[in-house]
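Novice: Sharing a model prediction with you, sequence too.
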Amino acid sequence: MIIWKGLGILVGIAGFVGFMLSEMLTRWLQKDEGAYYSAHAWPKLLGGVLGALLAFGMVKILAKGDKPRVVIDKATGKELQLRRGDALFFVPVKFWPYIILGLGIVIACIPA
């Protein structure tokens, strides 16, 4: 079950697209059915880098649309800022590019 808040799912999709682009590019360049991608580490690392870059771009886009809305609490008279607070698996989206890059490194280090 995928749990997200706001538009956090878009960062996960961006990371997934990075890995898929890497696999498709590797299959196209090597003209095989995935054996080269499975046997070598660099395509998976490339997928992590592409996924992290796409996720970073998505975080920047989401940050522009997450402007705080200021409201005043009638009971206390204090100002409160309300934000959408995008998150994926309870982790704020600003951390996901680093998680995706780390995931690509870990996947690349696993022997085939």
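Specialist: It's in. Residues are numbered from 1 along each chain as shown.
Novice: Mind picking out the helix or strand in the protein with the poorest mean pLDDT?
Specialist: Lowest on mean pLDDT, DSSP states H and E among the helices and strands of the chain sits helix 35-39, with a mean of 85.
Novice: Tell me the buried residues in that helix?
Specialist: For helix 35-39, burial by neighbour count (16 or more other Cβ atoms under 10 Å) applies to Tyr37. All C-beta atoms are positioned from the backbone trio N, CA, C, and that covers glycine.
Novice: Please work out which residues outside the very next helix or strand once past that helix touch it.
Specialist: Remark: after helix 35-39, the chain's next helix or strand is helix 42-64, criterion DSSP states H and E. Helix 42-64 has contacts (Cβ atoms under 8 Å, 6 or more residues apart in numbering) with 6-7, 10-11, 14-23, 25-26, 36-37, 86, 93-94, 96-98, 100-105, 107-108.
Novice: quick revisit: so which elements touch the least confident helix or strand of the chain?
Specialist: If contacts are counted by 3 or more Cβ pairs under 8 Å, 6 or more residues apart in numbering; DSSP states H and E, helix 35-39 sits against helix 9-30, helix 42-64.
Novice: what do you get if the cut-off is 7 Å, keeping everything else the same?
Specialist: Judged by 3 or more Cβ pairs under 7 Å, 6 or more residues apart in numbering; DSSP states H and E, the packing partners of helix 35-39 are helix 9-30.
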